[in-house]
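J.: Give me the fold of what follows.
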Amino acid sequence: MDILGYIEDIQNFFRLPIWRWLIYGIVFILIIIWLAFVYWTYRDARLRNTSPTAAIFWALVVLAFSYPGLVVYLILRPPEFIDDIVERDLEISRMEALLDSKVSNCPACGKEVHDDFLICPYCRKKLKNQCISCGRPLDLDWKVCPYCKTTQ
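T.: Okay, the predicted model is just below:
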């Protein structure tokens, strides 16, 4: 009979209203986290896709399927943000323009100088040698002029 009394005491303890409110609070927190995941999915999909329809679709998937829907989105989402793609393309374009131009930087002062400059006009650092025959600018370590075949 002692054991039945203990079991009844335990049951009465868990019938207290505090336990019901604790369960309601946990469910409420889980619902808030679930809705936060829906919002985060929409925002993340919007940053990664150009189509608002895709963002709405993925938010509805997470809303309908909860955490498994979030896992599916995390697996299938695009790997890069649109802004990162645009920034990378702009950086590539800028680097291509710099490579195509005849401008480089002085190794001493860092100012822009043209590739055919013999000295830096800012700090007077010697950038290239001049060919003794044709007068074209030559890199400092060249032994022969590639334009007129004159040995330097």
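J.: what residue ranges in the chain are flagged as low confidence?
T.: Filtered on pLDDT under 70, the chain yields the residue ranges 1.
J.: Nearest residue to the middle of it?
T.: The chain has Asp84 as the residue nearest its centroid, 5.4 Å off, counting by Cα atoms, centre = their mean.
J.: List the buried residues for the lengthiest helix in the chain?
T.: When the chain is parsed with DSSP state H, its longest helix is helix 17-48. Applying a neighbour-count criterion of 16 or more other Cβ atoms under 10 Å, one finds Phe37, Val38, Thr41, Tyr42, Asp44, Ala45, Arg46, Arg48 buried in helix 17-48. Yep, even glycine has a C-beta here, placed from its N, CA and C like the rest.
J.: before we move on, the earlier item: how about the residue nearest to the centre of the chain, secondary structure?
T.: On the three-state scheme (DSSP: H, G, I helix; E, B strand; the rest coil), Asp84 is labelled helix.
J.: those strands in this protein, which residues are they?
T.: For the chain, strands defined by DSSP state E occupy the ranges 103-105, 112-114, 129-130, 137-138.
J.: Could you export these as CSV, including distance to Pro79 and mean neighbour count?
T.: Shown next, in CSV, are the strands of the chain (distance: least, Cβ to Cβ, whole Å; neighbours: other Cβ atoms under 10 Å):
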stretch, distance to Pro79, mean neighbour count
strand 103-105, 34, 13
strand 112-114, 36, 16
strand 129-130, 49, 14
strand 137-138, 45, 18
